[in-house]
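J.: here are the coordinates; sequence isn't available:
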């Protein structure tokens with residue numbers, strides 16, 4: 001059962017409402033944190049649609065994607081926070097059960113709803129794929145073995161299995177061994193690093209490839225791993241915010257390590273980081289040139305009609321040219337056009 005935290009008004013959050021970083025203003029109650037932040041532009045929803053494409057004179061393709069990623073991540077974090085706020089309100093047992101069920105389904109559909117812009121720790125990943133951090137204790141022996149051994153990794157099963165190998169030499173220092181592991185495992189989009197504080201070897205892999213690690217095996221030379229058979233590795237993901245939130249919503253006895261208030265503050269902190277990213281995008285929009293007037297737009301449309309007529313049906317090449325132009329600086333486009 002969730003303990004009461006706040007009694008904010010239920011309902012869908014406005015896109016301009018963004019939380020503040022926890023701990024920055026200790027005296028501010030959780031209830032008032034979101035309401036105190038103003039929208040970036042009064043009277044303008046951000047963005048107008050899921051993907052801004054109605055104003056091609058001002059927004060190019062790359063900027064559309066950036067804005068959409070920020071909005072999807074912000075919307076998901078905001079809706080998750082609203083769900084936790086609603087559970088903090090007094091509800092009868094039937095309504096609370098339905099609300100808990102909806103919240104669990106909402107958290108379980110994170111990847112689909114966010115398009116990969118929020119990872120398992122509910123942190124924005126706008127410029128990188130969402131990753132899973134895990135450990136695999138048997139592989140840590142490769143960092144400290146004092147005997148030469150040939151290590152072969154296998155990922156997948158059957159004819160689709162991918163093989164990669166490396167040689168561990170006794171004189172190799174720790175950094176060189178990690179570099180060798182990354183050079184080999186990187187072919188399968190797996191990367192590792194060593195945490196000195198915890199003295200453990202950690203790995204990362206994109207979330208969409210996590211399921212493949214159920215068929216991850218290794219063969220050695222009889223020192224760290226047997227040479228006559230493949231040893232199935234069992235990667236262990238680190239405890240994520242998503243798992244803790246699911247335990248909180250499920251009410252599993254002994255498995256709850258996260259309180260509802262801690263969850264809300266974490267979501268507010270991540271939304272504050274998105275707010276900073278959104279401000280940067282808004283600044284880029286303000287610096288872009290003004291909209292074209294009607295006469296100029298008509299002239300460009302007529303020019304485009306002539307160009308389309310000249311291609312005589314070869315629209316694929318024209319479409320590729322336009323797509324490239326949308327992501328090139330204006331000065332470079334003008335230079336290429338003038339050179340012809």
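T.: All right, it came through fine. This is a predicted model, so every value here is computed, not measured. Numbering: from 1, shown residues only.
J.: quick one: pLDDT of residue 21?
T.: pLDDT, residue 21: 40.
J.: residue 71 too?
T.: 85.
J.: what about it, which SS state?
T.: Secondary structure, DSSP: H, G, I helix; E, B strand; the rest coil: residue 71 is helix.
J.: next, count neighbours for it.
T.: 22 (other Cβ atoms under 10 Å). Just so you know, the C-beta spots here come from the backbone N, C-alpha and C atoms, and that holds for glycine as well.
J.: and it, how far is that from residue 83?
T.: For residue 71, the distance to residue 83 equals 19 Å [Cβ to Cβ, to the nearest Å].
J.: so where's this structure shaky on pLDDT?
T.: Scanning the chain for pLDDT under 70 picks out the ranges 1-61, 252-256, 288-292, 311-316, 318-319, 322-340.
J.: could you redo the last one with a cut-off of 90?
T.: Applying pLDDT under 90 to the chain flags the ranges 1-72, 83-101, 112-113, 115-116, 125-129, 156-161, 196-198, 246-262, 273-340.
J.: domain parsing of it, as residue ranges.
T.: 30-129+241-286, 137-234, 294-339 (automatic domain parsing).
J.: just the ones you listed: most buried one?
T.: Among those, the stretch with the highest mean neighbour count (mean count of other Cβ atoms under 10 Å) is domain 30-129+241-286, at a mean of 17.
J.: now do residue 197 against residue 278, distance only.
T.: 34 Å.
J.: try residue 104
T.: From residue 104 over to residue 278 (counting by Cβ to Cβ), the distance is 29 Å.
J.: now do the helices in this protein.
T.: Residue ranges of the helices in the chain, as given by DSSP state H, are 61-88, 93-108, 110-114, 174-185, 241-250, 260-287, 294-311, 315-326, 330-339.
J.: would you mind getting the angle between the fifth one and helix 93-108?
T.: Between helix 241-250 and helix 93-108, the angle comes out at 170 degrees (axes from the mean of the first three to the mean of the last three Cα atoms, to 10 degrees).
J.: could you verify my assumption that residue 237 touches residue 136?
T.: No - between residue 237 and residue 136 there is no contact under Cβ atoms under 8 Å: 10.4 Å.
J.: can you pull the contacts of residue 133?
T.: With contact set as Cβ atoms under 8 Å, 6 or more residues apart in numbering, residue 133 has these partners: 202-204, 237-238.
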